[in-house]
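Visitor: predicted model follows, preceded by the sequence.
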Amino acid sequence: MPVSTRSQIFGGQDDPNNTTQQRRHRIDQENPKLGPSPLRNPHHGLKEKMKALTLLYEQQKQASMALKNPTSRTEERRFSSHPSVELLGSAKAKEKESKEVMRENTMPNATITRTVVLPQSVMDDAKENVMGVDRIVGFSCPPKKVTSTARKLSMEALVPQSEPRGIGGVTKTAQELETISESSSVGSRILVFVRLRPMAKKEKEAGSRCCVRIVNRKDIYLTEFASENDYLRLKRLRGRHFTFDASFPDSTGQQEVYSTTTSELVEGVLQGRNGSVFCYGATGAGKTYTMLGTMENPGVMVLAIKDLFAKIRQRSCDGNHVVHLSYLEVYNEMVRDLLSPGRPLVLREDKQGIVASGLTQYRAYSTDEVMALLQQGNQNRTTEPTRVNETSSRSHAILQVVAEYRVRDTAMNVVSRVGKLSLIDLAGSERALATDQRTLRSIEGANINRSLLALSSCINALVEGKKHIPYRNSKLTQLLKDSLGGSCNTVMIANISPSNLSFGETQNTLHWADRAKEIRTKGCDPNEELVQVPTTNTDQAKLLLELQKENRDLRVQLARQQQKLLTIQAQSLQANSSPTPSSATSILTPPSSAKPIEKRRTRSSILAGNCFTTPESKRRGAGETARELQQHLKALEAEMERIKKEHTLQLKQKDNFILELTRKLAKSSVAGGKG
Ligand SMILES: Nc1ncnc2c1ncn2[C@@H]1O[C@H](COP(=O)(O)OP(=O)(O)OP(=O)(O)O)[C@@H](O)[C@H]1O
């Protein structure tokens, strides 16, 4: 109902101060020409109105009590491990929410018509998709109540959402609030964020218009026409208004996306909690940009790893942290190791969950090393130009970082905490026509859609609270089992394009993301276990063997890195002597990446400036490429030197420790012999 209708309805004698009556009288006096206002029976429907007013008053009371109730905040403090996180955003939202409820309930007339008045700030924000000054530091969007009639997801055109929501979720009833506060103690909800990418040059050239409006950093309106500003009408259009934990306009930087979505998960991982972040969206919507980014604007994967190592450095210099890394892709229903390409891997279930047997677990010591590994992994990832995206990822990529931390508790027991962070860049959801019709591409597309369809079935089953969740339907869902239904803090970032040419895909993504908000993962307790400190000779001997093995591994890693550096140096020299474009290309391809039979593109280095292959880079002169290579080589040399130093230091420390342990062992065996 339009806003103006409210002011036209005047209260009768049920108005406590009879102010509307006086106002009406004043208006009549001031405008004698208009004549007297139509007479109304002041007692008409008084009882009903009183009843409705009392009911609303009760609801309001319950709502404010629910707001005060600290248990209802469990939802927001889902990742409460970080003490410095303030819930400014949510506090503001709650304040706004209670004001809104108050305003509605204290309206002079008790007609139960829920007309939502958009606050001025919202209308102002609506003018542009630009972030305001204050940052989003917390989450406050509770999930919609799960109903048995919840709409099923489909990867094809979706039926619009059943009921419109209020602005920022302000139209919740007290019962809903109670349900939320009760259920929040059961587990944690998947947090869902949406990121809008800037309009691409190609889209502009094709004359496309922006069809997405982000308001208040949460609400998203899908409009077919850029000029459409009537948000009230839009809100009533079913399936065109969505509310998320946060929505990022096209001007949002990578750091902001990282800190809002993932930084708390990283903190949790160091406390032994599992965390997952996955990007979903149509092809070319910006998933890889968000996850991987470029050299100038690194994405979530890179920022998370940097942050993890920075936090580890702050905590300890004693080597109590061990970080392992693995990087795999699911391509055409096959799982492949991106760090050490070879035969497809087999999935099996063990006590840690679903694991890919034989997957390289690389021990990482520094951010630089991880960056180099990421670069190597991305070069091995399957990408292919499609009509929509020059470097479209044809596979789902999963980077897993496992951090183990050993600390002493108050009773001086050694406690080991293991946290796992999974960062997932899904392949683009797409329609066959939007990409390509060639055979290989259609098989790929079918497989991509198959796994995404399997993912949507799992989400449907989880949302509907079904006992059987069909994880086994695809490799992707098996690998995501932990993230969706396990004890894990999960974040989903849905990427969308602003172009009206992608309206259908955008609507599909938003519906799907909206649905994902309803998934609850199990409560996430830290993975902690007591470590048996070796007391007997056998235990010490075991530890000694383990340490020696670790040292051997470290030496092998060091030798491999040196070998790689030498190869790059040799290739660079060769490039300098005959700088032809073909030799330059061969240098960009790492010696280790065995190419499969089908034509696969490799992403150019994120360290070299951009993780995407652009047509310009191909056109660049050989001289320029050689110069770039020199710079790249220098950077690599410096990086190698640093890694070498770190490794040598660690080897030395370990050698000393082994020596000490051997001495102790010898002593105790001598003492044992004497005894
Ligand atoms: N937020 C952003 N800011 C600037 N450029 C962006 C942004 N998001 C995406 N892009 C650009 O849009 C293009 C497509 O993005 P990207 O490759 O990340 O899409 P994608 O969703 O991973 O696609 P696919 O599923 O096909 O792999 C790239 O050129 C990328 O640089």
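Guide: Alright, I've got the coordinates. Here the structure is a predicted model, which means the values were calculated and not measured. Numbering: from 1, shown residues only.

Visitor: which segments of this structure make up each domain?
Guide: Under the assignment automatic domain parsing, the domains of the chain span 4-105, 193-530, 534-595+604-674.

Visitor: nearest residue to residue 541 in space, please, no chain neighbours.
Guide: With Cβ to Cβ, 6 or more residues apart in numbering as the criterion, residue 541 has its nearest non-adjacent residue at 6.6 Å, and that residue is residue 665. All C-beta spots, glycine's among them, are computed from the backbone N, C-alpha and C.

Visitor: okay, stretch 333-353 in CSV with CA atoms only?
Guide: Extracted in CSV, the C-alpha atoms of stretch 333-353 (Å, rounded to 0.1, in the frame of the first residue of the first chain):
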residue,chain,number,x,y,z
GLU,A,333,33.7,-35.5,-12.2
MET,A,334,37.3,-36.3,-11.6
VAL,A,335,39.4,-35.1,-8.6
ARG,A,336,42.8,-33.9,-9.5
ASP,A,337,45.7,-32.7,-7.4
LEU,A,338,46.7,-29.2,-8.5
LEU,A,339,50.0,-29.1,-6.7
SER,A,340,51.2,-32.4,-8.2
PRO,A,341,49.2,-33.2,-11.3
GLY,A,342,48.8,-36.8,-12.1
ARG,A,343,46.2,-39.5,-12.1
PRO,A,344,42.7,-38.7,-10.8
LEU,A,345,42.3,-39.2,-7.1
VAL,A,346,39.9,-41.4,-5.3
LEU,A,347,37.7,-40.1,-2.6
ARG,A,348,37.3,-42.1,0.6
GLU,A,349,35.8,-41.4,4.0
ASP,A,350,37.8,-41.6,7.2
LYS,A,351,37.4,-40.1,10.6
GLN,A,352,38.3,-36.6,9.4
GLY,A,353,35.5,-36.8,6.8
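
Visitor: now it: mean pLDDT?
Guide: Mean per-residue pLDDT for stretch 333-353: 86.

Visitor: for that stretch, buried residues please.
Guide: With burial defined by 16 or more other Cβ atoms under 10 Å, the residues of stretch 333-353 counted as buried are 335-341, 345, 353.

Visitor: ok, and what's touching it?
Guide: 325-330, 354-360, 362, 373, 376-378, 380-381, 395, 397, 447, 450-451, 474-475, 478-479, 481-482, 486, 592-594 (Cβ atoms under 8 Å, 6 or more residues apart in numbering).

Visitor: before we move on, the earlier item: now do the residue nearest to residue 541, the pLDDT please.
Guide: 75.

Visitor: tell me which element it is part of?
Guide: helix 622-674 (DSSP states H and E).

Visitor: check contacts around residue 644.
Guide: 558, 561-562.

Visitor: could you rerun that using 7 Å?
Guide: By Cβ atoms under 7 Å, 6 or more residues apart in numbering, residue 644 lies in contact with residue 558.

Visitor: any idea how far it lies from residue 373?
Guide: Using Cβ to Cβ, to the nearest Å, residue 644 is found at 16 Å from residue 373.

Visitor: same thing with residue 468?
Guide: Distance, residue 468 to residue 373, by Cβ to Cβ: 37 Å.

Visitor: so for these two, which residue has more residues nearby?
Guide: Neighbour totals were compared for residue 468 and residue 373, and residue 373 leads with 20 against 7 (other Cβ atoms under 10 Å).

Visitor: so the more buried one touches residue 362, yeah?
Guide: Yes. Look at residue 373 against residue 362 with Cβ atoms under 7 Å: they come within range, at 6.0 Å.

Visitor: touching both of those two, which residues are there?
Guide: Common neighbours of residue 373 and residue 362 (Cβ under 7 Å, 6+ apart) are 325, 339.

Visitor: tell me the secondary structure of residue 410, please.
Guide: Following DSSP: H, G, I helix; E, B strand; the rest coil, we place residue 410 in the coil state.

Visitor: quick one on the thing from earlier: would a markdown table of the buried residues of stretch 333-353 with secondary structure be doable?
Guide: Shown next, in a markdown table, are the buried residues of stretch 333-353 (three-state DSSP):
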| residue | secondary structure |
| --- | --- |
| 335 | strand |
| 336 | strand |
| 337 | strand |
| 338 | coil |
| 339 | coil |
| 340 | coil |
| 341 | coil |
| 345 | strand |
| 353 | strand |
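
Visitor: max pairwise distance over the residues you listed: which two?
Guide: 341 and 353 (23.8 Å; Cβ to Cβ).

Visitor: any idea which element the nearest residue to residue 409 once chain neighbours are set aside lies in?
Guide: Using Cβ to Cβ, 6+ apart and skipping residues adjacent in sequence, the residue nearest residue 409 is residue 415, 5.1 Å away. Here residue 415, judged by DSSP H and E, is contained in strand 414-425.

Visitor: so which bits of that strand are buried?
Guide: Under the neighbour-count criterion of 16+ other Cβ under 10 Å, strand 414-425 has 415-425 buried.
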